[in-house]
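# Need the 3D shape of this:
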Amino acid sequence: MQYLSIFKSLTKNQSWLKYGTAILAGSLFLTLSSKIDIPFWPVPITMQSFAVIFLSALYGRNLAIATVTTYILEGALGIPVFQGMKVGAAALLSPTGGYILGFLLTAFVIGSLADRGWGKTHLSAVSLFILGAIVIDIPGIAWLLSFVGTEQVVQIWLSYQIAFILKTGLGTIVIPMIKNRKISNF
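Below is the predicted model of the structure:
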């Protein structure tokens, strides 16, 4: 029964249906974003980092954490939500596993800032994307180092920066538009 009261407090008096729908829609968005990829070894370039930061900026901390946790649990349980149809513990222990952990940390950090009003201006939106990328990259790169050497990690990270700039530009335009028009009710 304690879990029920915790879940109710997370919803901030929103209806269960609305909250559940938002979680499932966000998880679907994350899944679809993982399928948009540029094959690259050992970590492909996908739209997942954009999706995590975007959802966190719109949903706020609690809903973003619930959404990313649901997404990770779906993958851990064998549903092919991750990039490349990887599933289960193998996906979480693969070279991309650290980035998946980074998604959860990003939901907390970026969602917390969004709860404080960040994302309504272009400057704060670009700040969310830069910070979100850093939060995703720290555990991602740390984990990736156990699979490849430092020189290769640096090369991989540098090659991702063009995609990062494009994702940041898109988020910097879209997030303030949505937040200022109050399209999102979360």
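
# neighbours around residue 59, how many?
For residue 59, the tally of surrounding residues (other CB atoms under 10 Å) stands at 24. For glycine as for every other residue, the C-beta is placed from the backbone atoms N, C-alpha and C.

# for it, phi and psi?
Per-residue torsions, residue 59: phi -80, psi -30 (degrees, to the nearest 10).

# my guess is it meets residue 111, correct?
Yes. Proximity of residue 59 to residue 111 meets the contact threshold set by CB atoms under 8 Å, at 6.3 Å.

# distance of residue 107 from residue 98?
15 Å (CB to CB, to the nearest Å).

# Compare these two (neighbour count), which wins?
Shown here are residue 107 and residue 98; by other CB under 10 Å, residue 107 has more neighbours (29 against 22).

# need the contact list for that one.
Taking CB atoms under 8 Å, 6 or more residues apart in numbering, we find residue 107 in contact with 52, 55, 56, 61, 64, 65, 67, 68.

# Mind doing that once more with 10 Å?
26, 52-53, 55-56, 59-69, 71, 132, 135 (CB atoms under 10 Å, 6 or more residues apart in numbering).

# Can I get the buried ones among the residues you listed as something I can paste into PyMOL?
Selection of the buried residues among the contacts of residue 107 in PyMOL, burial being defined by 16 or more other CB atoms under 10 Å:
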select buried, resi 26+52+53+55+56+59+60+61+62+63+64+65+66+67+68+71+132+135
